[in-house]
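Novice: Provided below for reference: sequence and predicted model.
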Amino acid sequence: MHNLIVGDLNTEGETIMKKIKMITTGGTIAMGEDEVTHQIVPKLSGLDLLNKVPTLESMAQLELTQFSNVDSSQLTLQDILSLAQLIKSSLKDDEVSGVLITHGTDTLEETAYLLDLIIDTPKPIVLTGALRTFDQPSSDGESNLIHSLQAILEPASSNRGVLVVMNNQIHAARFLNKTHTNRLEAFSSLNCGPMGKIDYSGVHYFYELKPQTTIKIESLTTPIEIIKLGLGSSDNLIKTILDSKCQGLVIETFGLGTVPKNVMDPLKETKIPVMITSRCLEGQVYDLYGAFAGDREITKMNLIYGKNLTSVKARLLLTLLLGKNKSITEIREFINHKLKF
Ligand SMILES: NC(=O)C[C@H](N)C(=O)O
């Protein structure tokens, strides 16, 4: 990597480096092999990461906070809410031009989407991670960090919501999905492809999205579950969940959103919102098939078609909207008119 020193010129013609907040949370990018068990475990602090990639400090003035150092499977919604508060308070500093967050890749799409839904700022927020540790062959941590910082420093990255930079691609949080367990090209933007790319000529964007309506939230405590259906699934799980304290349900079901009758029947007994999403990776769900349990009354009562949201993102959105005491009609209204597209 060459010529990566970025900054504005002051009146004396000297380069002033932009101030960027860097927050580390853990994930493979901060892991290494345990000498005894040979498993991959958290190893690198936020400062270790900076020391591994000295180029970063030649590109911007970095203000570092280590938020956590955990595998992303261990994070909770409450953690992400605290992370959002840290990001918001950092952005209040007018001198901070953007935020770079390192995160494990397994739940990256959820953290990115949650932040996208709750933080309203024109400044770039970029998350990144790695599929390989720094000491593994074809380690991707260094390039992902440098590319992320390049994206943050690029003026065209403003007003794009929360972005994820991995493997030379820029993804909007709304469409990002981890589609491979361990390849370097582990991420895809479902339905629309990556929003941009980073190559030797710089940062390039291919399209823009309709702006997101952000949701102001203080807590994230509404219990929402996801059920994924297989051919011939019983009604056991759905009945158990409906008997629990669960206040909303996401069903990841077949194709355009068809639900088998034995699963639909218990739904007649409940008033909790049920969001329909698809097992298909792309396309959106519709209330189209008449054979769809043959019961339009239920559709009128509590079903919400989750457009092209994946089940995990539908769950996050439902958690936020129910946390704001939104009715089923208001949730449908949000999905139909305020969802980023
Ligand atoms: N590549 C990774 O970061 C995977 C790791 N298990 C995590 O999500 O924290």
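Specialist: That came in fine, so what should we check first? Everything quoted here is computed from the prediction, not taken from an experiment.
Novice: now do the helices in the protein.
Specialist: Secondary structure of the chain, counting by DSSP state H: helices at 46-52, 55-59, 77-91, 108-118, 141-153, 236-243, 261-267, 296-301, 311-323, 328-337.
Novice: and the ones you listed: which comes nearest the ligand?
Specialist: helix 108-118 (7.1 Å; CB to the nearest ligand atom). For every residue, glycine as well, the C-beta is placed using N, CA and C.
Novice: elements contacting the closest one?
Specialist: Secondary-structure packing of helix 108-118 (3 or more CB pairs under 8 Å, 6 or more residues apart in numbering; DSSP states H and E): helix 77-91, strand 125-128, strand 162-166, strand 176-178, helix 311-323.
Novice: any chance of these in TSV, with mean pLDDT and distance to the ligand too?
Specialist: Below are these laid out as TSV (pLDDT from 0 to 100; distance: least, CB to the nearest ligand atom, whole Å):
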stretch	mean pLDDT	distance to the ligand
helix 77-91	97	13
strand 125-128	98	10
strand 162-166	98	10
strand 176-178	98	9
helix 311-323	97	14
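Novice: what's the most buried one of these?
Specialist: Using mean count of other CB atoms under 10 Å, the stretch among those with the largest mean neighbour count is strand 162-166, at a mean of 28.
Novice: low-scoring pLDDT stretches of this structure, where are they?
Specialist: Scanning the chain for pLDDT under 70 picks out 1-15, 290-300.
Novice: who in it is up against the ligand?
Specialist: 27, 28, 71, 72, 73, 104, 105, 106, 129, 131 (CB under 6 Å from any ligand atom).
Novice: quick one: the fifth one and residue 105 touch, right?
Specialist: No. Residue 73 is beyond contact range of residue 105, at 10.5 Å (criterion: CB atoms under 8 Å).
Novice: higher neighbour count, those two?
Specialist: Neighbours per residue (other CB atoms under 10 Å) separate residue 73 from residue 105, with residue 105 holding more: 24 against 9.
Novice: list the residues that contact that one.
Specialist: Listed by CB atoms under 8 Å, 6 or more residues apart in numbering, the contact set of residue 105 reads 27, 28, 72, 129, 130, 131, 166, 178, 186, 187.
Novice: tell me how many other residues crowd the residue lying closest to the third one once chain neighbours are set aside.
Specialist: So that's residue 72. Using CB to CB, 6 or more residues apart in numbering and skipping residues adjacent in sequence, the residue nearest residue 72 is residue 104, 2.7 Å away. Using other CB under 10 Å, residue 104 has 23 other residues around it.
Novice: so residue 104 touches residue 40, yeah?
Specialist: No. The criterion here is CB under 8 Å, and residue 104 misses it with residue 40 at 10.9 Å.
Novice: which neighbours do these two share?
Specialist: Common neighbours of residue 104 and residue 40 (CB under 8 Å, 6+ apart) are residue 28.
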